[in-house]
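Asker: Can you look at this prediction? I've put the sequence above it.
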Amino acid sequence: MTQRVNFVAIDGGRRRFLGMGLMTAAGIAAVASLSACSVSMTGNVTTVTINVAEIKDYGQAGLNAVSTVLSIAAIASAIGTPAVSIIGLADTALSTALTTFSDAAGSTLTISYDDTNWKSRVDSVLSALTKVESDLSAAITGVSTKVSSSNLSNANTALNALGTIISAFKALLDSVAARRNVGARRLSGAAAAPSQTQVQQALRTLGVTA
């Protein structure tokens with residue numbers, strides 16, 4: 001059954017109504033599983049509240065993933081200077097995207113993903129996170145036969161945690177974008193969205209306390 005949904009952004013306790021849309025019960029349940037969203041119902045109206053501060057945590061986790069992997073001396077040595085430089089460029093791009101987002105947000109933030117400026121800032125953080133993951137994955141795979149299993153395991157633990165966070169990030173944006181396609185489709189990424197527990201564990205693994 002399709003239900004009417006209110007979309008609200010929240011940060012620092014401040015709320016802003018973003019608009020309305022239609023979602024199936026399954027879609028609502030999927031959104032509720034995301035660490036950056038909460039769902040409540042008043043009568044027949046469901047409200048999806050987006051905690052945009054999570055975006056900052058996701059970005060910081062990406063930066064920490066780079067630091068974690070490159071802090072493993074054997075991994076960094078095996079990767080080599082050229083690959084480390086490529087990862088460094090991705091790390092810098094993520095840092096820049098996150099700083100741009102954070103500076104615009106200030107101490108409080110209300111955000112409509114339909115707003116071109118905000119969409120660009122948020123998408124930039126996700127794009128930079130994805131590039132970091134891609135570069136780290138390529139580097140770790142390339143040295144998998146050259147380092148000890150313990151070092152490889154530590155690097156892959158950080159990489160897998162980052163993958164979980166990126167999946168959650170994509171699912172969050174899909175839930176926001178769904179309101180623009182009123183009743184047209186279900187959340188394409190919802191079924192694969194990690195649980196709150198998985199995301200919180202991934203953040204902790206990468207040294208981010210949400």
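Answerer: Cool, got the structure. Because the structure is predicted, anything quoted here is derived from the model rather than measured.
Asker: what ranges do the helices span in the chain?
Answerer: Listed in chain order, the helices of the chain (DSSP state H) span 25-32, 53-70, 73-79, 81-105, 116-142, 149-177, 196-205.
Asker: These into a markdown table, with extra columns for mean pLDDT and mean neighbour count?
Answerer: For every residue, glycine as well, the C-beta is placed using N, CA and C. Putting these into a markdown table (pLDDT from 0 to 100; neighbours: other Cβ atoms under 10 Å) gives the following:
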| stretch | mean pLDDT | mean neighbour count |
| --- | --- | --- |
| helix 25-32 | 53 | 18 |
| helix 53-70 | 94 | 22 |
| helix 73-79 | 96 | 18 |
| helix 81-105 | 94 | 16 |
| helix 116-142 | 93 | 18 |
| helix 149-177 | 90 | 20 |
| helix 196-205 | 93 | 18 |
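Asker: nearest spatial neighbour of residue 102, skipping sequence neighbours?
Answerer: In space, and not counting its chain neighbours, residue 102 is closest to residue 56: 5.9 Å by Cβ to Cβ, 6 or more residues apart in numbering.
Asker: my guess is that neighbour meets residue 97, correct?
Answerer: No - when contacts are counted by Cβ atoms under 8 Å, residue 56 is not listed as touching residue 97 (11.1 Å).
Asker: joint contacts of these two?
Answerer: Counting by Cβ atoms under 8 Å, 6 or more residues apart in numbering, residue 56 and residue 97 have no common neighbour.
Asker: check contacts around residue 134.
Answerer: Residue 134 touches residue 90, counting by Cβ under 8 Å, 6+ apart.
Asker: ok, it to residue 162 distance?
Answerer: Relative to residue 162, residue 134 is positioned 10 Å away (Cβ to Cβ, to the nearest Å).
Asker: How much space separates the closest residue to residue 79 other than its chain neighbours from residue 132?
Answerer: Spatial nearest neighbour of residue 79, excluding adjacent residues (Cβ to Cβ, 6+ apart): residue 139 at 4.7 Å. From residue 139 across to residue 132, the span is 11 Å (Cβ to Cβ).
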